[in-house]
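Visitor: sequence and predicted model, in that order:
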Amino acid sequence: MDLSTFFVSVFTFTDDWFQQRAWQLRQRDPQPMLADSEVLTIGVVGAFLGISTNKGTFTYFRRHWAHFFPELRNVHRTTYVRQSANLWHVKMLLWRELLRHSHFDLAFHIIDSVPVPVCRFARATYCRRLRTVSAYDHDEVARQKFFGLRAHLRIAWPGVITDFELAPANVHELTVAESLLGGLSGWTLGDRNYWSPKLMERLREHDLHLLAPFSLRSKEKHRWPTELKHKRYRIETVISQLSNVSKPSESGPKTSGISALDGFVEYSVILLLSIFVSRTGSRHSVLPTC
């Protein structure tokens, strides 16, 4: 399937999904020049193409795909960015709808966390972005401190994000894990930060088995199975792809948290939509029954 066909398929899905719900998102404000389904399509397909900034997305589609969206030539970039940010809750609903119609292993989950800096570390002392909910912590991958939040992710095999939470960076993974795994059963993989016999015992009462290596490698009595290591690497692949989609650093102080959510949801939506669209190029077979 070429990019044009994929583009049209994504738009028809999102536009029909909007029409089925007949939402009235604006009560008194004037209607935007770009339809909400058009803005949603541009953001999702831009994430699919790996464009990591709102400015880059707007510039690329205005230059190469304006014949699909004629009003895009008449809209200012800041207007497009604000409209896209205001649709974050709609993207969440679309993501949840696609999850209901997707096929993944409900008995096997992987959890992990990823840093979400709200600014550069040198600017942390006077940064106003999400000041009341941000905190300092250490990024183990970059091996440096950062100021911001942590996104706690839960994926289902083979790599579909099924839930996530944003918390201050200094909140430990175990604090969020119990709520993130609530209502599940089966097996869950985590890294050394999730080693907790008490938490494992509580989850086992609800038929959920949390597997995590001992917190200290040097005192580990038994070597962690290589197969489980390779299974857990799947969530690191998802996180590396998310780093190219989420874009909190380019937002203002009032929207950086929304932009982080925006990136996670856009990644999930485009992954699930690509599964639907790849089944067939037909418009009607792409649409699930709501």
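Guide: All right, it came through fine.
Visitor: ranges for the helices of the stretch 151-290 of the chain?
Guide: Secondary structure of the stretch 151-290 of the chain, counting by DSSP state H, counting those that start in this stretch: helices at 173-180, 197-204, 226-242, 256-279, 283-286.
Visitor: state whether residue 57 is indeed within a helix.
Guide: Yes: according to DSSP: H, G, I helix; E, B strand; the rest coil, the state of residue 57 is that of a helix.
Visitor: now do it against residue 71, distance only.
Guide: Remark: distance between residue 57 and residue 71 (Cβ to Cβ, to the nearest Å) = 16 Å. To be clear about C-beta, it is placed using only N, CA and C from the backbone, and glycine gets the same treatment.
Visitor: thinking again about what came up before, least reliable of the helices of the stretch 151-290 of the chain by average pLDDT, please.
Guide: Note on those: helix 283-286 shows the lowest mean pLDDT, a mean of 40.
Visitor: poorly predicted segments of this protein, please.
Guide: Applying pLDDT under 70 to the chain flags residues 1, 22, 27-29, 244-266, 270-271, 273-290.
Visitor: how about a cut-off of 50?
Guide: Low-confidence segments of the chain (pLDDT under 50): 248-258, 280-290.
Visitor: now do the strands in it.
Guide: Using DSSP state E, the strands of the chain run over 105-117, 135-139, 144-157, 160-168, 186-189, 208-211.
Visitor: so which of those gets nearest residue 234?
Guide: Residue 234 lies closest to strand 105-117 among the strands of the chain, at 6.2 Å (Cβ to Cβ).
Visitor: rewinding a little: can you redo the strands of the chain as a markdown table with distance to residue 223 and mean neighbour count?
Guide: Listed next are the strands of the chain as a markdown table, based on distance: least, Cβ to Cβ, whole Å; neighbours: other Cβ atoms under 10 Å:
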| stretch | distance to residue 223 | mean neighbour count |
| --- | --- | --- |
| strand 105-117 | 20 | 20 |
| strand 135-139 | 26 | 15 |
| strand 144-157 | 23 | 21 |
| strand 160-168 | 30 | 19 |
| strand 186-189 | 16 | 19 |
| strand 208-211 | 14 | 18 |
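Visitor: just put these in TSV and tack on distance to residue 84.
Guide: Output for these, formatted as TSV (distance: least, Cβ to Cβ, whole Å):
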stretch	distance to residue 84
strand 105-117	19
strand 135-139	28
strand 144-157	19
strand 160-168	19
strand 186-189	33
strand 208-211	37
